[in-house]
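Undergrad: Need a 3D model of the following:
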Amino acid sequence: MRRLVRLALAAVLLLAGCAAGEPGEDPGAGIWEDYQPPALAEEAEEPSGPEYPAAFSLACHRGQTLDPIDCGQGMQEDVSSLLFEPLFQLDESFQPIPLLCESYEWDETGLVCTLTLRQEAAFHDGSPLTAADVAATLRRAMVSERYAYRLRGVAAVAADRSGRVRITLTAPNRGLPALLDIPIVKSGTEALTAPVGTGPYRLSEDGGSLIANESWWQGRAMPVSVIPLVHAKDRDTAKYLFSSKRVQLLTVDPTDDLSSVTGQLQSTARPTPILQFIGFNTGEGALFASPALRAAFSQGIPRDTLVSAQQAGLALAASFPVSPLSPLYPADLVREYDRDETLAALRAAGQDTGETRELVLLVNEEDRFRLTSAQFIAEHLSLLDWHITVRQLPWEDYLAALAAGEFDLYYGEVRLTADWDLRDLTGTGGALNYGGYTASYTDLLLENFLTADNRPAAARQLLAHLQEVCPIAPICFKNDAVLTHPGVAGNLTPTASSTFYRMDRWTVRLSE
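TA: The predicted model follows:
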């Protein structure tokens, strides 16, 4: 049973929403433009000169919910982020910026965080944001497929008598605000296709467009007053609509989506907390039970070259399991790739005996970027005694081989949480610690990082230690791509929280 639970969790963690109307009404049942595309291979005709659209349109699926707790990622998530707002919003460096939350404080145990909400915040129907609305949304998020993992350390959420929100944790975590970029829904409207939110746009009465919210509590002007919604039954349809210029923006995972988008485009990187890494079998008797060998292997990965050549520049090279964009990332501790230094480190760790040792590097065959990256690493690290063979497996077989420990190395990918809690990945008994790494001092530093008042100092101590003992070898953090048509939208600053972060600063050019 434990193995089945572990596999189920791995399938969630390892990687291969919304609008408003009056309560009781369902704007999502309104009029939508239903469009069936021709074959995706058909190329859109390119204009002879600059051509701007009459409106800034987005793709949206009319049959799917816009509830941000349950809606899917991609086009539904993009529409959702314009209709709802979170307690905190992650900025370009993954720092949590208070939004609907005005301030917060911890009790003396570090287990209870009390949030004070902005008094001026209001929903699209004019009703004020209340602690009951926030508590109801967070309790739904705790059991949702999308947010349950990040909120696994939350024991309870309640609205207190003073109108504040009290969050009780199972263990202290000073990084909690970074987990609360969860859009808030008005309680009692969550069953609607388009629940009620507080965002800069609201859904039109016929459900066919987003309308700038003139009574938006933030009071900032948006670059367009109306955003038409064009129906797309699936992701392929949305990509065709973008290629044919019927919609003006599309957020994609470029490792599997970008190749099928045609025509001229502009691409803006949207950072994610998705880490790619090499995992080691550190079990008793395994070659990589040696920290020195693991560290030498990590030192021998030419990360910058890998990202530019194998990932097409669609990721950020990383030597630590924290995004390089974060102020917690210790850039001064990065060890630049040097082949001679790698060879010297391997020899110092005993890997120059003259006897070839065959090693297996597992990778999921269904992701071509990970596959080519694994092959690149195998080629560059087949040094001295090592000959590394890449073993490609279908997803389910790959998971089973990891669970059984049938590997020397594996190429992994995981969506980390923005509090950078690494216990599942590198802690003793962690759900994603397939290599079996265990060290009491590492566990102590992992816990200290979450509980420390001085998070930067605790992060530096932890990351410097991980660099030395190297339970995993970080490679890069993936980016999503926000696609727009040339010249139509400018000043985009997408973040992990929202494609439309600070949209009021955008410039949008439309035809007259």
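Undergrad: quick one: residue 128 and residue 122 touch, right?
TA: Yes. The pair residue 128 / residue 122 is scored as a contact, 5.3 Å apart, by CB atoms under 8 Å. To be clear about C-beta, it is placed using only N, CA and C from the backbone, and glycine gets the same treatment.
Undergrad: what secondary structure does the most centrally placed residue in the chain sit in?
TA: Against the mean C-alpha coordinate of the chain, by CA atoms, centre = their mean, the closest residue is residue 272 at 4.0 Å. Assigned state for residue 272: strand (three-state reduction, DSSP: H, G, I helix; E, B strand; the rest coil).
Undergrad: quick one: it from residue 490, how far?
TA: 22 Å (CB to CB, to the nearest Å).
Undergrad: Next, the contact list for the spatially closest residue to residue 216 that is not a sequence neighbour, please.
TA: Nearest non-adjacent residue to residue 216, counting by CB to CB, 6 or more residues apart in numbering: residue 200, 5.2 Å away. Residues near residue 200 by CB atoms under 8 Å, 6 or more residues apart in numbering: 82, 212-213, 216, 218, 220, 222, 503-504.
Undergrad: if I've got this straight, residue 413 is in a helix?
TA: No. Per three-state DSSP, residue 413 lies outside any helix segment and is strand.
Undergrad: what's around it, how many residues?
TA: By other CB atoms under 10 Å, the residues close to residue 413 number 21.
Undergrad: does it really touch residue 276, like I thought?
TA: Yes. Using CB under 8 Å, residue 413 makes contact with residue 276 at a distance of 5.0 Å.
Undergrad: what sits in contact with each of the two?
TA: When contacts are counted by CB under 8 Å, 6+ apart, the set common to residue 413 and residue 276 consists of 370, 478.
Undergrad: how many other residues sit next to residue 220?
TA: Using other CB under 10 Å, residue 220 has 11 other residues around it.
Undergrad: any chance you could map the strands in the stretch 201-350 of the chain?
TA: Using DSSP state E, counting those that start in this stretch, the strands of the stretch 201-350 of the chain run over 201-203, 209-212, 226-231, 249-252, 266-280, 315-317.
Undergrad: how close does residue 433 sit to residue 377?
TA: 20 Å.
Undergrad: my bad, residue 290
TA: Residue 290 is 19 Å from residue 377, by CB to CB.
Undergrad: Those two: which is more packed in?
TA: Counted by other CB under 10 Å, residue 290 and residue 377 do not tie: residue 377 has more neighbours, with 26 against 17.
Undergrad: give the contact list for the more buried one.
TA: By CB under 8 Å, 6+ apart, residue 377 lies in contact with 278, 301, 306, 361, 388, 411, 475.
Undergrad: pretty sure residue 370 contacts residue 395?
TA: No. If you go by CB under 8 Å, residue 370 and residue 395 don't touch, sitting 11.3 Å apart.
Undergrad: Overlap in contacts, those two.
TA: Counting by CB under 8 Å, 6+ apart, the shared contacts of residue 370 and residue 395 are residue 364.
Undergrad: returning to what we had before: tell me which of the strands of the stretch 201-350 of the chain approaches residue 72 most closely.
TA: strand 249-252 (12.0 Å; CB to CB).
Undergrad: buried residues in the closest one?
TA: The neighbour-count check on strand 249-252 (16 or more other CB atoms under 10 Å) flags 249-252 as buried.
Undergrad: Just give me the closest of the residues you listed to residue 182.
TA: Closest approach between these and residue 182, by CB to CB: residue 251, at 18.5 Å.
Undergrad: Give the helix, strand or coil label for the closest residue to residue 365 other than its chain neighbours.
TA: Using CB to CB, 6+ apart and skipping residues adjacent in sequence, the residue nearest residue 365 is residue 392, 3.7 Å away. What three-state DSSP gives for residue 392 is strand.
Undergrad: Can you name the residues bridging to residue 392?
TA: residue 363 (DSSP bridges).
Undergrad: In contact with it: list those residues for me.
TA: Neighbours of residue 392 in contact, by CB under 8 Å, 6+ apart: 363-365, 371.
Undergrad: Mind putting these into JSON lines with pLDDT and neighbour count?
TA: Shown next, in JSON lines, are the contacts of residue 392 (pLDDT from 0 to 100; neighbours: other CB atoms under 10 Å):
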{"residue": "363", "pLDDT": "97", "neighbour count": "25"}
{"residue": "364", "pLDDT": "95", "neighbour count": "24"}
{"residue": "365", "pLDDT": "92", "neighbour count": "17"}
{"residue": "371", "pLDDT": "93", "neighbour count": "17"}
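Undergrad: Throw those into JSON lines and include distance to residue 145, thanks.
TA: Shown next, in JSON lines, are the contacts of residue 392 (distance: CB to CB, whole Å):
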{"residue": "363", "distance to residue 145": "26"}
{"residue": "364", "distance to residue 145": "21"}
{"residue": "365", "distance to residue 145": "26"}
{"residue": "371", "distance to residue 145": "27"}
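Undergrad: three-state assignment of the residue lying farthest from the centre of the chain?
TA: Here the chain reaches farthest from its C-alpha mean at residue 354, the gap being 44.0 Å by CA atoms, centre = their mean. Under three-state DSSP, the three-state class of residue 354 is coil.
Undergrad: Report the separation between the nearest residue to it once chain neighbours are set aside and residue 278.
TA: Using CB to CB, 6+ apart and skipping the chain neighbours, the partner closest in space to residue 354 is residue 385 (7.5 Å). Going from residue 385 to residue 278 by CB to CB gives 18 Å.
Undergrad: more neighbours, the two?
TA: Legend: neighbour count by other CB under 10 Å for residue 385 and residue 278, higher for residue 278 (24 against 18).
Undergrad: ok, for the more buried one, nearest residue in space, not its chain neighbours?
TA: Spatial nearest neighbour of residue 278, excluding adjacent residues (CB to CB, 6+ apart): residue 473 at 4.1 Å.
Undergrad: Can I take it that that neighbour is in a strand?
TA: Yes. Assignment of residue 473 by three-state DSSP places it within a strand.
Undergrad: contacting residues for it?
TA: Residue 473 sits next to 277-278, 280, 294, 297-298, 301 when contact means CB under 8 Å, 6+ apart.
Undergrad: Likewise for residue 338?
TA: Listed by CB under 8 Å, 6+ apart, the contact set of residue 338 reads residue 299.
Undergrad: any idea of the pLDDT on it?
TA: On pLDDT, residue 338 comes in at 93.
Undergrad: From residue 296, how far out is it?
TA: From residue 338 across to residue 296, the span is 12 Å (CB to CB).
Undergrad: what's the answer for residue 473, then?
TA: Applying CB to CB, the value for residue 473 to residue 296 is 10 Å.
Undergrad: list the contacts for residue 510?
TA: Taking CB under 8 Å, 6+ apart, we find residue 510 in contact with 52-56, 224, 488.
Undergrad: Kindly supply the PyMOL command isolating those of those that are buried.
TA: The buried subset of those, as determined by 16+ other CB under 10 Å, is captured in PyMOL by this line:
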select buried, resi 52+53+56+224+488
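Undergrad: Next, give me the two most distant ones among the contacts of residue 510.
TA: Maximum distance among those (CB to CB): 12.3 Å, for 52 and 224.
Undergrad: correct me, but residue 235 touches residue 72?
TA: No. Residue 235 is beyond contact range of residue 72, at 9.4 Å (criterion: CB under 8 Å).
Undergrad: between the two, who's got more neighbours?
TA: Counted by other CB under 10 Å, residue 235 and residue 72 do not tie: residue 235 has more neighbours, with 19 against 14.
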